[in-house]
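1. model this:
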Amino acid sequence: MKTVSSPLPALLESFDEAGARRKKPGRKLAFRAAVFGAGLFLWLLFGSDQAANVFSDAAAASTVPAASTVPAASANSPAALTVSAASPPPAASAVSAASANSTTGGTTGEAVLVAQSESTNSEKRSNSSTSESNGGSIDDSKVDSQTNPNADEKKRSLRIISLYAADTEILLRIGARDNLAGISRQETYDGPETEGWKRPPVFSIHDDAEKFIAAAPDYIFLRPMHLATNPRLFETLTKTGVKLWTRQCLKADDLYDFWREIGQIVGRQAETEKMIADFQTGLAALTAGADRPRPGVFLEAIHEEIKTFTPDSIPIWLLTLAGGRNAAFDAKPTRPGLIVAAYGPERLLEKADEIDIYISQLGPMNTTNTETIKNRRIFSVLPAFKSGRVYRAPEELISRPTPSLLQGLKILADIVNQSEGDSAAPPQAE
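-> Okay, here's the model as predicted:
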């Protein structure tokens with residue numbers, strides 16, 4: 001009798017692999033029994049070769065191809081996160097990083113969601129920063145007047161509510177006072193540009209949206225802190241089509257760019273360049289003369305906490321131009337991006353011998369009266385207090401980024417160059 005080898009062991013192994021791919025191990029025994037019975041019947045009926053072919057085809061049909069969609073049961077597998085290099089999505093790098101680091105702290109799927117969320121939030125923050133610094137007006141404020149002759153004329157008719165006195169002053173100085181549909185409560189500038197000017201209504205960040213909307217502004221000029229204080233107000237206003245311009249200038253090397261951006265918005269570039277040229281001429285005139293010994297000066301920003309300004313700030317730049325030597329040259333900002341620096345009594349006393357003059361700015365940031373400053377006991381050891389060289393300088397003239405800094409420079413120069421022992425206070429210093 002001819003001996004025929006049975007194909008059943010190989011067939012059973014093939015079906016076991018197919019069942020494993022389907023991840024149904026609970027049905028393994030019943031499945032094997034059914035296969036064995038059917039296989040025995042076919043083998044006896046058709047012979048070994050035909051039976052083997054039938055079972056091989058069946059096994060192949062039941063096998064999950066490697067390139068097909070991964071079943072839901074393995075959705076957390078790193079294989080499920082493979083990204084095609086040919087067309088990576090925006091967050092592909094974040095997905096890859098999440099997949100690689102998902103072995104701890106949650107499933108891979110959770111890590112991907114976090115990574116994608118962080119990537120999206122980062123993009124939103126970037127867009128928000130652009131919108132805030134440019135007021136969502138990048139296209140409108142940078143139209144090329146050569147390709148569009150009517151662009152500057154259109155800009156000159158824009159209605160602007162200015163919530164920052166520095167912005168208001170610059171607009172006035174470049175001849176854009178008719179653009180002003182509203183101003184702030186802190187306005188102090190009074191020059192030839194304000195003669196005969198009928199001042200527009202006063203606005204603040206505490207007014208309701210209806211008041212702003214009634215003025216029909218195209219732009220609202222404000223500071224970042226205004227936006228942070230009342231975000232809901234400005235969100236409501238932007239939905240009506242109002243553009244926000246929140247550009248802030250804190251450092252001397254940004255001064256001219258700041259002015260030029262305002263001039264660009266209202267189509268008054270030529271007037272802005274003239275303003276810059278006049279300012280530079282004024283600086284040259286006030287800083288000319290023979291070099292003198294530089295007295296040590298502490299420039300106070302906020303008295304209660306003994307805060308000063310960072311070395312790269314506008315007030316310290318002005319003090320240096322005036323002939324002073326910044327005693328707090330090692331001051332660091334309280335937060336990145338700010339120009340106010342906490343100094344404290346201990347560090348101030350360490351520099352006691354270097355402080356020949358003490359100047360405190362006077363304004364909304366520092367409302368402490370002069371007598372309180374002079375009578376503060378810990379200051380009594382400072383040479384400036386012993387000699388009575390304690391002065392005030394107006395905040396709006398030494399801190400605001402406007403051409404009025406020339407007046408502030410004059411005040412600081414008068415203070416710094418005053419001879420020791422001269423009891424007469426420099427003009428406008430008190």
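
2. mind listing the strands in this protein by residue range?
-> Assigned by DSSP state E, the strands in the chain fall at 160-162, 180-182, 219-221, 243-245, 296-300, 307-309, 325-326, 340-342, 357-362, 390-394.

3. quick one, what contacts Ala209?
-> With contact set as C-beta atoms under 8 Å, 6 or more residues apart in numbering, Ala209 has these partners: Leu233, Thr236, Leu237. (Each C-beta comes from the backbone N, C-alpha and C, glycine too.)

4. which of those residues lies closest to Asp278?
-> Leu237 (34.7 Å; C-beta to C-beta).

5. related to what we said a few turns ago, which of the contacts of Ala209 lies closest to Lys386?
-> Using C-beta to C-beta, Leu233 is the member of these that lies nearest Lys386, at 49.9 Å.

6. which residues does the closest one contact?
-> Ile205, Asp207, Asp208, Ala209, Phe212.

7. State the distance from the fourth one to Leu283.
-> Shown here: Ala209 relative to Leu283, a distance of 42 Å by C-beta to C-beta, to the nearest Å.

8. Verify the stated contact: Glu169 with Thr402.
-> Yes. If you go by C-beta atoms under 8 Å, Glu169 and Thr402 touch, sitting 4.5 Å apart.

9. shared neighbours of these two, anything?
-> Contact with both Glu169 and Thr402 is made by residues Tyr189, according to C-beta under 8 Å, 6+ apart.

10. In terms of neighbours, single out the busier of those two.
-> The neighbour count for Glu169 versus Thr402, taken as other C-beta atoms under 10 Å, is higher for Thr402 (27 against 24).

11. rewinding a little: which of the contacts of Leu233 count as buried?
-> Ile205, Asp207, Ala209, Phe212 (16 or more other C-beta atoms under 10 Å).

12. So which of the residues you listed sit within helices?
-> Ala209, Phe212 (DSSP state H).

13. With respect to Tyr256, which of the buried ones among the contacts of Leu233 is nearest?
-> The closest of the buried ones among the contacts of Leu233, once distances to Tyr256 are taken by C-beta to C-beta, is Ile205, at 27.9 Å.

14. State the distance from that closest one to Lys386.
-> Counting by C-beta to C-beta, the separation of Ile205 from Lys386 is 44 Å.

15. How about Arg292?
-> Counting by C-beta to C-beta - Arg292 and Lys386 are separated by 22 Å.

16. How about Ala342?
-> 25 Å.

17. Comparing the two, which shows the higher neighbour count?
-> Set Ala342 next to Lys386 and count neighbours by other C-beta under 10 Å: Ala342 wins out with 15 against 10.

18. Could you dump the contacts of Ala209 into TSV with pLDDT and distance to Leu348 added?
-> Listed next are those as TSV, based on pLDDT from 0 to 100; distance: C-beta to C-beta, whole Å:
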residue	pLDDT	distance to Leu348
Leu233	97	40
Thr236	97	45
Leu237	97	44
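
19. which one of those sits closest to Asp414?
-> Nearest to Asp414 among these, counting by C-beta to C-beta, is Leu233 at 42.1 Å.

20. Could you chop this protein up by domain?
-> Listed by automatic domain parsing, the domain ranges of the chain are 8-56, 93-131, 151-279, 289-416.

21. Which of those comes out lowest on mean pLDDT?
-> Of all the domains of the chain, mean pLDDT reaches its minimum on domain 93-131 (a mean of 30).

22. got a list of what Arg400 touches?
-> Residues near Arg400 by C-beta under 8 Å, 6+ apart: Ala165, Ala166, Glu169.

23. from memory the first one sits against Glu396, does it?
-> The one in question is Ala165. Yes. Look at Ala165 against Glu396 with C-beta under 8 Å: they come within range, at 6.9 Å.

24. More neighbours: which of those two?
-> More crowded of Ala165 and Glu396, by other C-beta under 10 Å: Glu396, with 23 against 19.

25. so what's that one closest to, chain neighbours aside?
-> Closest residue to Glu396 apart from its sequence neighbours, by C-beta to C-beta, 6 or more residues apart in numbering: Thr188 at 5.0 Å.

26. burial count for the one you found?
-> Neighbour count of Thr188, defined by other C-beta under 10 Å: 15.

27. right, and Asp295 touches Asn326 too?
-> Let me fix one detail, which is that residue 295 is Pro and not Asp. No. Counting by C-beta under 8 Å, Pro295 does not reach Asn326; the two are 10.9 Å apart.

28. what sits against Lys211?
-> By C-beta under 8 Å, 6+ apart, the residues touching Lys211 are Phe203.

29. contacting residues around stretch 214-231?
-> Everything outside stretch 214-231 that qualifies as a contact, by C-beta under 8 Å, 6+ apart, is 132, 135, 137, 158-164, 167-168, 181-182, 201, 203, 205-206, 212, 234, 237, 242-246, 248, 265.

30. Now with 6 Å, please.
-> For stretch 214-231, the external contacting residues (C-beta atoms under 6 Å, 6 or more residues apart in numbering) are 158-164, 167, 181-182, 205, 234, 242-246, 248.

31. again, but for stretch 306-321
-> Under C-beta under 6 Å, 6+ apart, the answer for stretch 306-321 is 251-252, 287, 297, 299, 301, 326, 328-329, 331, 333, 339-345, 348, 398-399, 408-409, 412.

32. among these, which are in helices?
-> Thr287, Gly344, Pro345, Leu348, Ile398, Gly408, Leu409, Leu412.
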